[in-house]
Structure formats: structure tokens, C-alpha cells
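K.L.:
The following comprises the amino acid sequence and a computationally predicted model.
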Amino acid sequence: MTTPSFIYTSAPQRVVFGAGSLQHLAREIDALGARRALVLSTPEQRPQAERVADMLGAHAAGVFDRAVMHVPIETAREAREVAARLGADCAVAIGGGSTTGLGKAIALDSGLPILAIPTTYAGSEMTPIYGITEAGMKKTGKDFRVLPRTVIYDPELSLGLPVGMSVTSGINAIAHAAEGLYAVDSNPIMDLMAQEGIAALGRALPAIRATPKDPAARSDALYGAWLCGTVLGNVGMALHHKLCHTLGGSFNLPHAETHTIVLPHALAYNAGAAPEAMAKIAKALGGSGGAAQAVYDLARDNGAPVALRDIGMKEADLDLACEHALKNQYPNPRPLERAAIRALLQNAWEGVRP
Ligand SMILES: NC(=O)C1=CN([C@@H]2O[C@H](COP(=O)(O)OP(=O)(O)OC[C@H]3O[C@@H](n4cnc5c(N)ncnc54)[C@H](OP(=O)(O)O)[C@@H]3O)[C@@H](O)[C@H]2O)C=CC1
Ligand SMILES: O=C(O)/C=C\C(=O)CC(=O)O
């Protein structure tokens, strides 16, 4: 096989990985040249945020604990005001994609450097993509000001992530890598990361389900999330991400669960048009069958939802979801075909194995 032509851009970002690596927080804040960090979290994860603030001592400007999913503009404005009032010169986001997203909204406006400490596998910490919701509409964009400058991956912090959330969040990460493998702007480095990321999560999720506090499995999962998030940050996504964005944004479905349910069907849709990518996904998951089936089985066998009807989607809304998905053209291995996409949504709603 000859190496194809490609463009690879490496982002200026520092990753500190390993059990117990939170202990390096003060060193990492110092390395950013920052003196006063505003710590961000959801209300429920405030105790974790307070622990972080305690570790920073005089270098903590305060805790803002109002992160919620999809970053409402009102919350972003409030957080920006608090950061300015407290004289913060960096933000530390501890939590999942919702908290990282809030940090990004602050950085977009102020240029404040973000240090992210992810506790789910969503992967936002590795991307320059931001999302902000205003008047019920989520807008996403790309700006390198929002890319966290430092990421501390400490698997000990994810030991308490509930098993159900761990499985769906892990498959959310796999979705980034899977679509990366057939991206129009893919490159060999991202291909390697994608395959390794899928394999790590494919091993880790059943192990976490068996033993939720297994440190090796938690470490494997976070390693996979890092790799898959990097792929999301570097190459363009396709039909699967577009469908999930539509379903999450317009029908208020939960993010990770939606990814988990839709991915097997999006892969089945693209299977004939991207056979090499499918073979890599299936191989990374250790299966001898197809990629779509391997992802579906990973979800089902580990207790994740497999039907949109089970997470609040109404059958009557499938036509509208299909219209949204077809609104703008975007690169996808197989052309966007109305009847086939409508059938994909029906299958995902019913939860049939592709
Ligand atoms: N811009 C980008 O590149 C990306 C953005 N995203 C965005 O991120 C959001 C989804 O991120 P995701 O991580 O799935 O969702 P959340 O950040 O909302 O977290 C999901 C769940 O995990 C729980 N949780 C997180 N950390 C812990 C922990 N340490 N212990 C126990 N529970 C925990 C949260 O609980 P609690 O609410 O109690 O804190 C929450 O219920 C979406 O808005 C999505 O659009 C996702 C991927 C990439
Ligand atoms: O919607 C955003 O905040 C930006 C990207 C994603 O959520 C990626 C994804 O669908 O996982």
C-alpha cells in the first residue's frame, strides 16, 4: 500500500496522563504562567471542584459550579462575569463535556487559558470545537482559543462515573474515532490513534461493567478517550455526528446515549462506501463480523440503551429529524439519501441490530 498525500496539523497542547496525576495541578497552573484559577464544575461535582480549589490554595480565585449540558448562553455570560470579577487568569474545568464546554465559552470571549480535567470519555478537552445554546438553538464553531492548553487525565477521578454513563460515554468516544477513519481529511496519524482508541475502549468497557473501580480498566478507557477526542479535534465528522447533533439539539435527547444508539446504524449506512474503515473498526473491537454489528453488540452486551424510543424520542418526530439531517450538505462516504436516512432513523428508533 502506498502512503496517501495528507495534511497533519499538530495542536499546541500538553497532556499529563496517569493515576494520581491530579497532584501535578499546581505545577501545571504555574507552567501556564497563571496565578488565579477559577474552578468550574456542575452543581453535583462541586465537592470535586472544592478539592481542586483547596489544592490550589491562594492560586484559586473561586469555584463556579453551574455548568449544565449544551452551555446555555446565560450560564456562559454569568461565568465570564464571575471570572472577570474575581480576576481569574485561567480556568480549571473538572468534569465531563458540559463543564469543559463552559470553560471553552469563557475562553472564546476572554482568551483565558483552560486546564481541563476530564472525568467522562466525551473528548471535548482535545478539540477546538465549542458549542453554545441560545434561544433553544445550539451553535457550534471552531476556534483555537478554546482548545484547553493543558489536560490532566487522572483515571482515579473517573472511578465513580456510573457504569451506564461510562459505557455510553465510551461509545461516544468510539464514534469520534469511527467517523475519523472515513473522514475526507483523514491522515495516517489519526488513523493510528483512532484504531488504538477504539481498541482501548473496546477492552475497557466490559471490564468496567464487571468491576467499575478497576484502575487498569479506567486507565484504558481514559487513554482511549484521549485518542478518540484527538481524532475529533483533527478531522471532520460526518453523518453520524450530524444526526446526533440534530437529535440532541432539536429533540433534547441525552448526548452520550444518543451517540451509542445511532452509531451502529450510521456505520451500517456507510458500510458499503467505506469498507476499509469498517474493517479497521471491526478489527479494533476484536470482532470477525461487521463494524456496525460489533458496536451494537458492545452497547447491548454492556447494558446500554439501543433504541431511540427508550430515551424519549417520539416516532412522530423521525420525519423532522430526517429533514434536519438533510438540510445542509456535508462530506459523508455515502451520499445523503432521504429514504435510506429515514430508514436508518426508524431502525435506530426501534433498536434493531443492523
Ligand atoms: N466540543 C466538543 O468537542 C465536544 C463537546 N461535547 C459536549 O459535551 C456534552 C456531553 O459531555 P458528557 O461528558 O457526555 O456529559 P456531562 O459533562 O454532562 O456528564 C455526563 C454525566 O456524567 C456525570 N459525571 C461526570 N463526571 C462524573 C464523576 N466524576 N463522577 C460521577 N458522575 C460524573 C455527570 O454528572 P453530574 O451532572 O452529576 O455532574 C453527568 O450526569 C454535550 O453538551 C456535548 O455536546 C462532547 C464531545 C465533544
Ligand atoms: O456540540 C458540541 O458541543 C460540539 C461537538 C460535539 O458535541 C461532538 C459530539 O457530537 O460528540
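P.N.:
That came through, no problem. Ligands and ions are numbered 1, 2, ... in the order given.

K.L.:
Any regions of this protein where pLDDT drops low?
P.N.:
Scanning the chain with the threshold set as pLDDT under 70 gives 1.

K.L.:
how does it look with 80?
P.N.:
1-2, 136, 287-288 (pLDDT under 80).

K.L.:
what residues does it put near ligand 2?
P.N.:
Contacts of the chain with ligand 2, taken as CB under 6 Å from any ligand atom, map to 101, 129, 131, 140, 172, 241, 244-245. Quick note: C-beta positions are derived from backbone N, CA and C, even for glycine.

K.L.:
Nearest to ligand 1 among those residues?
P.N.:
Comparing these against ligand 1 with CB to the nearest ligand atom picks out I129 as the nearest, at 3.9 Å.

K.L.:
what residues are up against the closest residue to that closest one other than its chain neighbours?
P.N.:
Among residues not flanking I129 along the chain, K142 sits closest, at 5.5 Å (CB to CB, 6 or more residues apart in numbering). Neighbouring residues of K142 by CB atoms under 8 Å, 6 or more residues apart in numbering: 128-130.

K.L.:
Check H265 too.
P.N.:
H265 is in contact with 292, 344-345, 347-348, 354, counting by CB under 8 Å, 6+ apart.

K.L.:
How about the secondary structure of it?
P.N.:
helix (DSSP: H, G, I helix; E, B strand; the rest coil).

K.L.:
Could you do K213 as well?
P.N.:
Taking three-state DSSP, the label given to K213 is coil.

K.L.:
For the contacts of H265, give me CSV that also has secondary structure.
P.N.:
Formatted as CSV, those follow (three-state DSSP):
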residue, secondary structure
A292, helix
L344, helix
L345, helix
N347, helix
A348, helix
P354, coil
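
K.L.:
from these, which two are the most distant?
P.N.:
A292 and L345 (14.9 Å; CB to CB).

K.L.:
ok so, going back, return the member of the residues of the chain next to ligand 2 nearest to ligand 2.
P.N.:
For the residues of the chain next to ligand 2, the residue nearest ligand 2 by CB to the nearest ligand atom is G131; the value is 2.6 Å.

K.L.:
Leaving out the residues flanking it, which one is nearest to that closest one?
P.N.:
T140 (4.5 Å).

K.L.:
What of M55?
P.N.:
Leaving aside its chain neighbours, M55 sits nearest to L25 (5.5 Å; criterion: CB to CB, 6+ apart).

K.L.:
same check, this time on Q45
P.N.:
G95 (5.1 Å).

K.L.:
Go ahead and confirm N332 touches L239.
P.N.:
Yes - using CB atoms under 8 Å, N332 makes contact with L239 at a distance of 4.6 Å.

K.L.:
Pull up the overlap in contacts between these two.
P.N.:
N270.

K.L.:
Any of the residues of the chain next to ligand 2 buried? List them.
P.N.:
Taking 16 or more other CB atoms under 10 Å as the criterion, what is buried in the residues of the chain next to ligand 2 is 101, 129, 131, 172, 241, 244-245.

K.L.:
Which one of those is nearest to I152?
P.N.:
Nearest to I152 among these, counting by CB to CB, is G101 at 17.4 Å.

K.L.:
what's the helix or strand where V39 lies packed up against?
P.N.:
Counting by DSSP states H and E, the element that carries V39 is strand 37-40. Judged by 3 or more CB pairs under 8 Å, 6 or more residues apart in numbering; DSSP states H and E, strand 37-40 is in contact with helix 46-56, strand 60-64, helix 73-85, strand 90-95, helix 97-110.

K.L.:
Please convert the ones you listed to JSON lines, extending it with distance to L205.
P.N.:
Below are the helices and strands packed on strand 37-40 laid out as JSON lines (distance: least, CB to CB, whole Å):
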{"stretch": "helix 46-56", "distance to L205": "23"}
{"stretch": "strand 60-64", "distance to L205": "32"}
{"stretch": "helix 73-85", "distance to L205": "31"}
{"stretch": "strand 90-95", "distance to L205": "20"}
{"stretch": "helix 97-110", "distance to L205": "18"}
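
K.L.:
Deepest-packed of the ones you listed, please.
P.N.:
strand 90-95 (a mean of 29; mean count of other CB atoms under 10 Å).

K.L.:
what's in contact with that one?
P.N.:
With CB under 8 Å, 6+ apart as the test, strand 90-95 has contacts from 25, 29, 32, 34, 36-42, 45, 48-49, 52, 56, 67, 83, 99-100, 102-103, 106-107, 112-120, 125, 148, 157.
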